[in-house]
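> sequence first, then the predicted structure:
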Amino acid sequence: MTTFTRLLAVFTFLLLLYTAIPYITTSGTNLAPVEPVPQRVRIIGYDRDQMFGTWLPGVRESVVEASGATDPYSGEPLDLSTAEVDHILPLSAAWDLGAHRWTALERIEFANDPANLVLVNRAENQQKSDQLPSQWLPTNRSVRCWYVGRLFDVAAAYELPLPEQDIRAGRRSCGLAIL
């Protein structure tokens with residue numbers, strides 16, 4: 001088994017693990033600890049395709065296969081003909097928060113990490129764009145804490161800080177005290 005095949009198998013397993021039950025909420029629990037920063041500072045030079053590459057073979061297909069019939073962000077049925085894979089922690093936000101210092105391989109790994117991927121309707125993905133929790137939360141209130149929990153988990157796993165206002169918005173979404 002090649003290294004690439006092993007990596008693909010691990011990604012597929014993690015994808016199934018993270019997307020199998022998208023409606024689990026973490027209300028009343030703690031979110032992954034992330035370093036706060038005063039604000040998100042836009043870093044020039046961001047180019048999605050050039051900086052984060054394309055989908056690794058099988059990753060996008062695995063996200064589609066693991067998705068349910070419902071868009072977790074809106075609660076509406078998924079339209080598979082137009083559905084898009086969303087990066088829960090947007091690539092441009094990651095770039096601004098520290099990914100600009102990563103190697104190309106680290107950025108490709110981040111862009112293809114199943115923990116950061118979810119299938120949603122195009123309209124929801126376009127509305128969210130590159131916004132973080134202080135600017136955008138899912139319209140489906142029952143999954144807001146799940147969404148924020150995943151975003152915090154990804155930020156913590158990649159040692160990316162989050163702006164203070166996004167930490168506050170995330171904690172509020174999960175019914176946690178604002179620190």
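Nice, I can see it.
> make it CA atoms for all contacts and neighbour counts henceforth
Will do.
> lowest-confidence helix or strand of this protein?
None of the helices or strands of the chain scores lower by mean pLDDT, DSSP states H and E than helix 3-19, at a mean of 49.
> which SSE is immediately downstream of it?
The element immediately downstream of helix 3-19 (helix or strand, assigned by DSSP states H and E) is strand 36-37.
> packing partners of the helix or strand just after that following strand?
Note on strand 36-37: by DSSP H and E, the next helix or strand toward the C-terminus is helix 48-52. For helix 48-52, the packing partners by 3 or more C-alpha pairs under 8 Å, 6 or more residues apart in numbering; DSSP states H and E come out as helix 91-97, helix 104-111.
> now these as a markdown table including mean neighbour count?
A markdown table is the format used below for those (neighbours: other C-alpha atoms under 10 Å):
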| stretch | mean neighbour count |
| --- | --- |
| helix 91-97 | 22 |
| helix 104-111 | 18 |
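> Ser62 is nearest to which of the ones you listed?
Closest approach to Ser62 among the helices and strands packed on helix 48-52 (C-alpha to C-alpha): helix 104-111, 14.1 Å.
> so for that closest one, mean pLDDT?
The average pLDDT within helix 104-111 is 98.
> show me how far that helix is from its chain's centre.
In terms of C-alpha atoms, centre = their mean, to the nearest Å, the gap separating the centre of helix 104-111 from the centre of its chain is 14 Å.
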